[in-house]
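K.L.:
generate a structure from the sequence data that follows.
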Amino acid sequence: MSKLVLDVNPDLFAQLEQRAKAVGKPLDAVAIDLILEGIKRHDPITVGSLLIDCCHMTVYKNGQSISVMPKPFGILVALAKRPNQVIGRPELFFEVWGREYDGDTNLLDVNICSLNKLFKGGDGGHLVKSKRFEGYYLDEQEAS
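P.N.:
Got it, this is the predicted structure:
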């Protein structure tokens, strides 16, 4: 009988444990959810000149690889799945952090700001825009 040996990144395991605590599910249930989610989002996402490879956490703009940190990457993926569609702060926060938005944190603002610094439009416009009192959206025209 052969053994399956997995090389597990300790940071990834810690993140998985945190997510399990945040959503109140057992660790194995959260792991299964993430695997199924990963299968669903296997295909790269293309918006304008952006190519987002979810499996390898890589973003390309006009063929050039751009390094994006994990949380801004999560925000970018969430918004790129629905370009030009406003996503409310609570939904976006839950999708990326896996917990309820408490309304006091500026984590979302800080990470969106870092995304906009990375992906400045040709005229200096922002890739991720806000719609007052509603949420954020990825501007497909700025992604071109």
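K.L.:
surely residue 93 is within a helix?
P.N.:
Yes. Under DSSP: H, G, I helix; E, B strand; the rest coil, residue 93 falls within a helix.
K.L.:
report the separation between it and residue 136.
P.N.:
10 Å (Cβ to Cβ, to the nearest Å). No exception for glycine: its C-beta is placed from N, CA and C like everyone else's.
K.L.:
between these two, what contacts are shared?
P.N.:
Residues within reach of residue 93 and of residue 136 at once, by Cβ atoms under 8 Å, 6 or more residues apart in numbering, are residue 108.
K.L.:
gap between residue 110 and residue 69?
P.N.:
For residue 110, the distance to residue 69 - Cβ to Cβ - is 11 Å.
K.L.:
by mean pLDDT, point me to the weakest helix or strand of the protein.
P.N.:
helix 27-40 (a mean of 63; mean pLDDT, DSSP states H and E).
K.L.:
contacting residues for the closest residue to residue 22 other than its chain neighbours?
P.N.:
Spatial nearest neighbour of residue 22, excluding adjacent residues (Cβ to Cβ, 6 or more residues apart in numbering): residue 99 at 4.0 Å. The contact partners of residue 99, by Cβ under 8 Å, 6+ apart, come to 22-23, 93.
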